[in-house]
Structure formats: C-alpha cells, structure tokens
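Participant: Got a predicted structure here, sequence first:
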Amino acid sequence: MSVLLSGGMVTTAAGSRLAAVRFSGGRITDIGDLVGRLGEEVVDCSGCLVLPGGIETHSHLDLEAAGTVTADDFATGTRSALVGGTTTVLDFATQFHGETLMEGLERWHAKARGRAVTDYGFHLAMTQWLPEFADEMAEVVQAGVTSFKLYMAYRSSMMVGDDEIYAALQASTRVGATIGFHCENGLVIDALTREELARGHTWAFYHQRTRPTALEREAAGRLSTIAELVDAQHYIVHLSAGETLQEVRRARERGSKVVVETCPQYLLLDNRLYGTPGSDDLDVRQYVMSPPLRAPANLEALWAGLADGDIQFVGTDHCSFNLHGQKDQAKDFAAIPNGAPGLELRLALLYTYGVSDERISAERFVAVTSENAARYFGLYPRKGTMLPGSDADIVVYDPGPTWTVSHDDLHDNVDHTPYEGRTIQGRVRDVFLRGHHVVSDGVLADDLAPGEFLECGPPNSEIT
Ligand SMILES: [Zn+2]
C-alpha cells in the first residue's frame with residue numbers, strides 16, 4: 001500500500017516547494033502535485049516541513065573508554081536518534097590495540113546488529129597506526145566502510161604521529177577512502193595537563209585550559225599540509241573554533257581536499273560554562289569533552305561557516321557518560337570520561353537556532369544535517385534527499401510549537417542533557433524509515449524493526 005504525505009513544504013538541499021510525496025515498498029515513488037488514490041493512506045502535512053531523514057555523522061555508541069562504557073548502546077542511542085528525526089547513524093566502530101581492523105569492525109557489527117532501530121553505517125576509528133593496516137584498509141572498504149578515523153590527541157592511548165598520518169593518508173587514497181581526524185596537538189596538551197596537575201589544579205575547570213584553540217588550529221593546519229602531499233581526501237571531525245576554520249580556508253586556497261564537521265555544542269555552548277578556577281561540580285564536569293567548549297566569539301564564526309559553505313555537516317559526537325557513577329568518579333579533570341550526549345536534539349537545535357533564528361536557510365539546514373553527509377559518505381541518493389527511488393526516510397517537522405528541553409522527556413540512557421532548559425522552536429512530528437511509520441505525533445512506535453547496515457560508497461568531497 002502506498003502512503004501520500006500531502007500539503008507540506010517539501011524541503012531538500014536543492015530547494016523547497018509545496019508538494020506531496022508518495023512512497024510505497026519503502027521507496028519514494030513520486031513527488032509533486034499529487035492527489036490521494038483509492039485505498040491510499042494520506043497523511044496531512046499542512047503547515048509542516050517535509051524533510052529527508054537526518055544523518056548523524058558522529059556517534060560513539062557502546063564505546064569502551066576511560067575504564068567504563070558509554071551510557072548509550074545501539075538500542076537506546078538509535079531510539080533517541082529516531083525520535084529526533086535522525087534515520088541514519090554513522091557510528092565510530094573502533095579498533096583497539098591488538099585487534100586487526102576487521103576484528104574491530106566485526107565487534108561493532110555485533111554491537112549494532114538487531115539492536116539499532118535506525119539504519120546505520122560505520123567509520124572505522126584506528127587507535128594506532130600499524131604498517132599492515134595499509135592492506136587491511138582495503139578489506140574494510142570492501143566491507144562497506146569507506147571512512148576511517150585517526151586521533152592527533154590522546155597521547156597515552158590513541159595519538160598518531162605525523163609520519164603515521166602520512167602513511168595512513170597514502171593508504172586511504174589508494175583504497176578510495178577518506179579519514180576523519182581529531183585535530184588537537186596531543187603532545188602539548190599532555191605537557192599542559194602535567195603542568196596543571198603538578199600545581200594541584202585538578203578541577204574540571206582546567207580541562208579547557210589545557211586544550212587551547214591554538215592547538216586545534218595548529219593540528220588542522222599540519223594535517224592539511226600532510227594531506228596535500230598525497231592529494232588525500234580528509235576531514236576534520238568536531239571542529240570547534242573560528243581560528244581553525246580560518247586555517248581550513250587557507251588550506252582550501254592551496255587546493256586541499258578538506259571537509260569539515262562541527263557539532264551543536266560548539267555552535268550553542270561556550271566556555272563560560274566551565275566556571276572559575278575551582279569549579280569542579282557536576283554542572284561543570286558535564287561539559288568535559290574534547291575539544292572543549294570555546295570562547296563565545298567562536299559560536300558566530302562557526303554559524304557563519306555553516307551558512308557560507310565552509311562547514312559541510314553537523315554531527316553530535318554523542319558520547320554519553322552519566323554524571324552520577326561515571327563523570328563524578330574521576331579524581332582529576334584529566335580522568336573525567338570525555339563526551340556529551342546530543343543525538344536526539346540535533347535537528348531541533350539546528351532548526352531552532354539555525355533556521356528559526358535566520359542564521360541558515362531551511363535548505364542549508366537539510367544540507368548540513370543530511371544531504372552533505374549522504375554525498376560525502378557515498379549514500380546518496382538512497383539517503384540524504386527525496387527523489388523517486390530514494391529510501392522513504394522522511395521527517396515531518398512542525399515549526400509551530402515552542403517547548404523547553406527537559407531531560408525527563410528524552411529517550412537516551414544517560415542522566416542529563418547539556419541543553420536542559422533550552423527553548424526549542426518546532427518539533428519532529430512524524431518520522432518514516434524506509435516507509436515504516438516509526439514516530440507518530442512525536443511518539444515512537446513500540447514495534448520498531450531493526451535498522452539495516454548501510455554499505456558506504458567512495459567519498460565525494462564535491463560538497464559545500
Ligand atoms: Zn568523537
């Protein structure tokens with residue numbers, strides 16, 4: 001049976017028009033001036049935006065880190081994503097020391113299979129670089145994972161050196177993949193951390209003091225310089241600072257194939273939340289994430305970058321740890337599990353503070369929350385747009401209601417949200433995943449089918 005979404009403003013990155021969308025068998029069949037057929041289910045979308053399902057580019061579900069494991073696994077994390085209008089989640093499968101790349105990937109399949117309720121794909125995060133990975137990368141690409149990740153920070157556990165970055169980029173270029181980089185200078189962060197701890201500065205406030213913006217800017221510039229030597233596709237995950245974006249612009253002028261992701265927390269929260277030097281309560285510890293929140297001037301710089309095409313997509317870096325029992329256990333700032341939740345509110349936050357506050361257009365909103373990711377990670381046009389033949393992953397967003405974020409209303413498995421008390425404009429009313437009506441009037445269906453694993457194609461950096 002086919003379904004007709006009628007009367008809504010159909011909005012993709014390419015444009016908006018009042019139109020109806022018909023789908024059947026999980027795929028979109030028609031878009032235009034359509035009228036309901038006999039026996040067809042018609043859903044009235046008058047006054048609403050009809051959008052392609054959101055694509056989350058950055059989550060860490062069921063991740064073992066800092067001697068614990070994230071509060072959200074694939075079951076809770078993807079439920080939370082779905083009710084927030086995200087129908088595809090790209091999670092960071094992680095290879096730990098001692099594992100081959102394929103072992104890391106298989107372990108992540110086992111975590112997600114049958115539990116995720118969105119469709120999902122993986123990036124493969126490598127916690128080290130070994131020469132044999134150059135060949136193993138080809139196997140990973142064959143298995144449908146075309147993006148990798150390396151860390152320029154976390155010296156004691158994951159950091160790679162410049163020669164390793166060079167080797168990895170050579171290898172990824174050969175196999176037609178891309179690599180996302182956590183850009184912060186890990187060696188200097190390590191020195192600053194030791195310095196502060198030696199002074200007895202153990203409080204959460206000092207987390208940001210040991211990770212200044214300059215160290216992100218420096219790492220991003222160094223990365224692009226190395227990548228240019230092999231003309232390698234690469235992207236910067238969770239870019240947090242205006243000066244880093246300047247560095248990216250300079251790299252692009254040199255011809256660098258660099259793509260940029262930022263996160264809602266860097267667009268909406270700033271470093272005043274870290275309080276004053278003695279601050280260490282849970283209200284401060286909740287914002288311990290890397291990179292840290294930045295000085296207020298960075299926020300508008302990132303919004304401008306999002307609007308003018310310098311930033312290509314927004315992922316949340318959802319890496320959830322409870323305040324009670326996890327973030328409160330650390331003896332000093334350097335031991336606090338890093339990360340914050342965000343999956344559920346990504347679209348609502350970007351709509352409210354982007355579209356509704358007139359920082360970005362509705363079309364740009366779709367580009368940065370869905371279409372660009374689909375293009376870059378080789379899922380387009382199955383995902384990221386609404387064309388005949390695309391998966392019927394559709395969000396009906398009602399821009400009317402205003403509400404206030406309360407963690408009690410969210411669907412994740414963590415004990416807080418960094419957006420508590422924020423005003424939101426509009427809400428995700430309905431969500432369809434491959435034609436299944438998974439969210440109705442804001443309520444998750446209780447018979448959710450497992451999501452499908454998505455094989456990603458070759459990265460396409462022709463996006464703005
Ligand atoms: Zn991350």
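Facilitator: Yep, that arrived.
Participant: so who does the residue positioned nearest the centre of the chain touch?
Facilitator: With the centre of the chain defined as its mean C-alpha position, the nearest residue by Cα atoms, centre = their mean is Gly315, 2.1 Å away. Under the criterion of Cβ atoms under 8 Å, 6 or more residues apart in numbering, the contact partners of Gly315 comprise 56-59, 90, 237-238, 261, 263, 346, 373. (C-beta placed from N, C-alpha, C; glycine too.)
Participant: Take those residues and, keeping just the buried ones, write it as a ChimeraX select command.
Facilitator: Isolation of the buried members of the contacts of Gly315 (16 or more other Cβ atoms under 10 Å) is achieved in ChimeraX through the command below:
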select :56,57,58,59,90,237,238,261,263,346,373
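Participant: coming back round to it: okay, the residue nearest to the centre of the chain: pLDDT?
Facilitator: Listed pLDDT for Gly315 reads 98.
Participant: With Ala66 instead?
Facilitator: 88.
Participant: nearest residue to it other than its sequence neighbours?
Facilitator: Spatial nearest neighbour of Ala66, chain neighbours left out: Pro337 (3.9 Å); criterion: Cβ to Cβ, 6 or more residues apart in numbering.
Participant: Would you confirm that the one you found contacts Ser320?
Facilitator: No. Using Cβ atoms under 8 Å as the test, Pro337 is too far from Ser320 to be in contact (9.4 Å).
Participant: which of those two has more neighbours?
Facilitator: The neighbour count for Pro337 versus Ser320, taken as other Cβ atoms under 10 Å, is higher for Ser320 (29 against 23).
Participant: The more buried one is in contact with Thr68, isn't it?
Facilitator: No. In this structure Ser320 lies outside contact range of Thr68 using Cβ under 8 Å: 11.1 Å.
Participant: which residues are in contact with both of the two?
Facilitator: With Cβ under 8 Å, 6+ apart, Ser320 and Thr68 have no common neighbours.
Participant: Just to be sure, the residue nearest to Ala66 is in a helix?
Facilitator: No. Under the criterion used here (DSSP: H, G, I helix; E, B strand; the rest coil), Pro337 is coil, not part of a helix.
Participant: and it, what does it touch?
Facilitator: Contacts here follow Cβ under 8 Å, 6+ apart; on that basis Pro337 touches 65-66, 68, 288, 321, 326-327, 330.
Participant: From His109, how far out is it?
Facilitator: When distance is defined by Cβ to Cβ, to the nearest Å, Pro337 is 24 Å away from His109.
Participant: What's the first helix or strand after the strand or helix carrying Val248?
Facilitator: Following DSSP states H and E, the helix or strand that holds Val248 is helix 242-253. Read in the C-terminal direction, the helix or strand following helix 242-253 is strand 258-262, with elements assigned using DSSP H and E.
Participant: what's in contact with the following helix or strand past that following strand?
Facilitator: Once strand 258-262 ends, the next helix or strand along the chain (criterion: DSSP H and E) is helix 264-268. Residues outside helix 264-268 that contact it (Cβ under 8 Å, 6+ apart) are 238-241, 289, 291, 293-294, 298-299, 302-303, 306, 314, 316-317, 340, 342, 345-346, 349-350, 353, 418-419, 422.
Participant: which ones among these are found in strands?
Facilitator: With DSSP state E as the criterion, strands contain Val314 from among the contacts of helix 264-268.
Participant: how much space between the residue nearest to the centre of the chain and Phe377?
Facilitator: Distance, Gly315 to Phe377, using Cβ to Cβ: 11 Å.
Participant: list residues touching both of those two?
Facilitator: Between them, Gly315 and Phe377 share these contacting residues under Cβ under 8 Å, 6+ apart: 57, 90.
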